[in-house]
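> Could you look at this predicted model? Sequence included:
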Amino acid sequence: MNIPRADCSDKELVALDTVSAFREQIVADYNKGYDDNKADGNFKSYPEVMEENTTQLPVVEQHAGLAHLVGQDNLKNQISFYLEAFKETTILPHILFIGSKGSGKTEFAFALAKNLRHPATCGRPKPLLTINSSTVKNVRQFVEDICMKYVQDQVITLFFDEVHEMPVSVQTAFLSILNPNKRNMNTFRYEDAEIVFDFSKVSFVFATTDPQKLIGPFKDRCRALYMANYSHTELAQILRANIDEFEIADSIIDDIASTCRGNARNAVLVAKDGIFQFMRSRKIQCLEAKHWDELKRILNIMPLGLEEAEIQVMKALHDFPSGCSLNNLAAKTGFTTDSIMKEFEFYLVRHNLLEIGQGGRKLTIKGRKYLADYVFR
């Protein structure tokens, strides 16, 4: 679990302890205004706002707090809409970010949380508690270590990363907590504990790379937001944004982007751990083709960003033009069948280098040409 430190700047999250000193007075004032507005008929719940907008949706401009994020325009539009609604209702749907590894789920979750400004925190972002879901082992731990400490009577955003790692028992407990209703509030009881989840104060954000591991009713209670693939142009933006004052020649930026595996995190790593270090050590201001060729040779950067293990799989399949069984491939490479299926073959299939059929796995024409051009030459 990670609780951010206090910072008065609007650009940073406000820590939990900055809220506690003023909590009672602020919440009392806010609740009074909430009740007055509700009595006057001025207050609109989140479902009412959604219902009013079903016939004629306004044009939503992308929120300024998302401007630093590259790509994902459709996702930004969705988040911007929910942030605009949050300003009026202080209620956020239970958000579930779904995307592949390195697609930027965590960055977008943090950007969302940093823009959830609440009256109880004097218009600053709500405190954010980040939880690695694999650390939540059972319902008792969830209740005692998270709910009792950080939810009861708090104004907070809870971000559960890799939520598919959470046990089914805890996912099932969430069904009662997240169940939608007109009051935007649920009470969860566990043994002697009774915790009130007021969604005008508590927001839930989840992220996962394996949505199939989540139970259906849990997913049904969340608003799923899907990460899109990154174009080479967007990956080039990420590369250039992570090399500080250095430059990359236009003539090679597309080639570099093609080695980032369509992945935002990989683009950051290529920029910071590869290009930046190389340019700083060589005292180069602008990366040209000859420099990129040298860096590829040093770091063994292959076209399409293929990794050594994937090359091994392709080389093993080269001897089986009619196809190879998964068990036989595992024996040839020394990898487990599980690692081949989950780690290596997906990217090869995606780029039409490998195909899976009734005869097993075999290289495509493009896969054999790749080996001939870049490996066996």
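Yep, it's here.
> Contacts only, for Phe108.
Phe108 makes contact with 69, 72, 75, 79, 97, 225, 227, according to C-beta atoms under 8 Å, 6 or more residues apart in numbering. C-beta: built from backbone N, CA, C; applies to glycine.
> ok, and the most crowded of those?
Phe97 (28 neighbours; other C-beta atoms under 10 Å).
> That one looks like it's in a helix, true?
No: per DSSP: H, G, I helix; E, B strand; the rest coil, Phe97 lies outside any helix segment and is strand.
> Looks like it contacts Cys222 (just checking).
No: counting by C-beta atoms under 8 Å, Phe97 does not reach Cys222; the two are 9.6 Å apart.
> which residues do the two both contact?
Listed as contacting both Phe97 and Cys222 by C-beta under 8 Å, 6+ apart are Phe206.
> Wasn't Thr187 part of a helix?
No: assigned with three-state DSSP, Thr187 falls outside any helix and is strand.
> Neighbours of the residue nearest to it when sequence neighbours are not counted, how many?
Closest residue to Thr187 apart from its sequence neighbours, by C-beta to C-beta, 6 or more residues apart in numbering: Val196 at 5.3 Å. Val196: 14 surrounding residues under other C-beta under 10 Å.
> what's the helix or strand for Val196?
Assigned by DSSP states H and E, Val196 falls within strand 193-198.
> same thing with Ser251?
Using DSSP H and E, Ser251 maps to helix 250-258.
> Which positions in that helix come out as buried?
By neighbour count with 16 or more other C-beta atoms under 10 Å, helix 250-258 contains the buried residues 252-253, 256-257.
> what's the offset of that helix from the middle of its chain?
Distance of helix 250-258 from the chain centroid (C-alpha atoms, centre = their mean, to the nearest Å) equals 25 Å.
> which residues are contacting that helix?
With C-beta under 8 Å, 6+ apart, helix 250-258 has contacts from 232-233, 235-236, 239-240, 248, 267, 270, 275, 287-289, 292, 303-305.
> What of stretch 310-324?
302, 328-329, 332-333, 335, 340, 344-345, 347-348, 353-354, 357-363, 367-368, 370-371, 375.
> try 6 Å this time
329, 332-333, 344, 348, 359-363, 367, 371 (C-beta atoms under 6 Å, 6 or more residues apart in numbering).
> Now do the same for stretch 234-249: mean pLDDT, whole number.
Averaging pLDDT along stretch 234-249 yields 94.
> List the contacts of the residue most central in space within the chain.
By C-alpha atoms, centre = their mean, the chain has its centre lying nearest to Lys105, at 1.0 Å. Residues in contact with Lys105 (C-beta under 6 Å, 6+ apart) are 97, 99, 207.
> If the first one is in a bridge, with which residues?
For Phe97, the beta-bridge assignment (DSSP bridges) gives partners Ala207, Leu225.
> shouldn't it be in contact with Leu225?
Yes: if you go by C-beta atoms under 6 Å, Phe97 and Leu225 touch, sitting 5.4 Å apart.
> returning to that earlier point: tell me what whichever helix or strand comes after the helix holding Ser251 is packed against?
Moving toward the C-terminus from helix 250-258, the next helix or strand (DSSP H and E) is helix 264-269. The contact analysis (3 or more C-beta pairs under 6 Å, 6 or more residues apart in numbering; DSSP states H and E) places helix 264-269 against helix 232-241.
> Of all the residues in the helix it packs on, which ones are buried?
Neighbour-count burial for helix 232-241, counted by 16+ other C-beta under 10 Å, picks out 234-240.
> Residues in contact with stretch 171-179: which ones?
Outside stretch 171-179, the residues within contact range by C-beta under 6 Å, 6+ apart are 94, 139, 186, 188, 197, 215, 217-218, 221.
> Alright, I will stop here.
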